[in-house]
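# got a sequence here, can you build the structure:
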Amino acid sequence: MRVLVVDDEEPIRRLLARYGGEQQWQVVTAENPQQVLAIFNPKNFQAAFIDVNMGDGIDGIELAQKLRDLDPDLRIMMMSGDPANNSRIEAAELGPVLAKPFSLSGLEELVESRILSK
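The predicted structure follows:
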């Protein structure tokens, strides 16, 4: 499985890349939406972890909507350290939110429900 990780925080990208490697995933990381839009091709990824707040430009919710338009089968997991984003994510119908900071058990639960169950 090929998984995209988009977060402006390098430790989060590194953690998810390490976790994905343990799961035998091919993980591609990006630190901002602009990098993702430059490399994304439909059907190239099966899943994506996307942070909501990434500085200037489009945010993670807008990025997730663009990626979903390009690839409706992409399984998206949103990440946020701000609970105020949860209602925006739910309104956009982007699925569950992995609250930052997250635990390994929280990550595994989300992976089982959003990635492995499909």
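# helix or strand with the lowest mean pLDDT in the chain?
helix 86-91 (a mean of 76; mean pLDDT, DSSP states H and E).
# skip ahead from that one and say which helix or strand is next.
Where DSSP states H and E defines the elements, the next helix or strand beyond helix 86-91 is strand 97-99.
# that following strand packs against which elements?
strand 75-80, helix 104-111 (3 or more Cβ pairs under 8 Å, 6 or more residues apart in numbering; DSSP states H and E). Just so you know, the C-beta spots here come from the backbone N, C-alpha and C atoms, and that holds for glycine as well.
# now the shortest one: average pLDDT?
Computed over strand 75-80, the mean pLDDT rounds to 91.
# name the residues that touch that strand?
Strand 75-80 is contacted from outside by 7, 12, 46-53, 60-61, 64, 67-68, 85-86, 89, 94-100, 102, 110-111, 114-115, 118, using Cβ atoms under 8 Å, 6 or more residues apart in numbering.
# show me just the buried residues among those residues.
Neighbour-count burial (16 or more other Cβ atoms under 10 Å) is assigned, among the contacts of strand 75-80, to 7, 12, 46-53, 60-61, 64, 67-68, 85, 89, 94-95, 97-100, 102, 110-111, 114-115.
# would you map the strands across the chain?
For the chain, the strands defined by DSSP state E occupy 2-6, 26-30, 47-51, 75-80, 97-99.
# can I get the ones you listed in CSV including distance to residue 37?
Listed next are those as CSV, based on distance: least, Cβ to Cβ, whole Å:
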stretch, distance to residue 37
strand 2-6, 10
strand 26-30, 9
strand 47-51, 12
strand 75-80, 15
strand 97-99, 22
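# re the thing from before, to residue 20, which of the helices and strands packed on strand 97-99 lies closest?
Ranking the helices and strands packed on strand 97-99 by their distance to residue 20 (criterion: Cβ to Cβ) puts helix 104-111 first, at 9.3 Å.
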